[in-house]
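Chemist: mind folding the following:
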Amino acid sequence: MIPPVVHRESGYRSAVAISAEFLSYVLEQLSGLGCVSSRRLFGGIGLYCEDVVFGLISGEVLYFKVGDDNRADYAARGMAPFRPYVDRPQVSLSYFEVPADVLEDTEACGVWARRAVAAARAKGQPGLGGARTRRARSIKQ
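Modeler: As a prediction, this is how the structure comes out:
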């Protein structure tokens, strides 16, 4: 079990424990991307492809980044957005729960993950992996 990290002052949802088995399973399902790494993020786990956060794990739930090109896929399945604040449920991030059948199908999971990576790159992710882009712009003078 990966122990929770509690963010008492940030207002973020109390961190939940994530089983090492679930994290390992998710990483295995995403192995076809070839670029996936994981780190603590938002009291859970952030999934990265190179320098871009494209997924989150909170508890035993996997969320992928959504944008204009893939939001309809999640809406059509009735999937819920990631809501980081317990006391402000109206606040959500542009990450939606991945359907169980997609997670269980390595090929489908890879397709949805690639679209999540593309959505994350399109957004530039200020503060969540877009630093390289911002840094490159600030160096050009």
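
Chemist: tell me what the longest helix along the chain is packed against?
Modeler: Identified as the longest helix of the chain according to DSSP state H is helix 106-123. Under the contact definition 3 or more C-beta pairs under 8 Å, 6 or more residues apart in numbering; DSSP states H and E, helix 106-123 sits against helix 20-29, strand 44-49, strand 52-58, strand 61-65, helix 100-104. Every residue, glycine included, has its C-beta placed from N, CA and C.

Chemist: redo these as a markdown table? Include distance to A119, mean neighbour count and mean pLDDT.
Modeler: Formatted as a markdown table, these follow (distance: least, C-beta to C-beta, whole Å; neighbours: other C-beta atoms under 10 Å; pLDDT from 0 to 100):
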| stretch | distance to A119 | mean neighbour count | mean pLDDT |
| --- | --- | --- | --- |
| helix 20-29 | 18 | 15 | 95 |
| strand 44-49 | 11 | 22 | 93 |
| strand 52-58 | 7 | 24 | 93 |
| strand 61-65 | 5 | 26 | 95 |
| helix 100-104 | 15 | 15 | 97 |
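
Chemist: columns distance to L93 on top of these, output as TSV?
Modeler: Output for those, formatted as TSV (distance: least, C-beta to C-beta, whole Å):
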stretch	distance to L93
helix 20-29	18
strand 44-49	11
strand 52-58	8
strand 61-65	8
helix 100-104	19
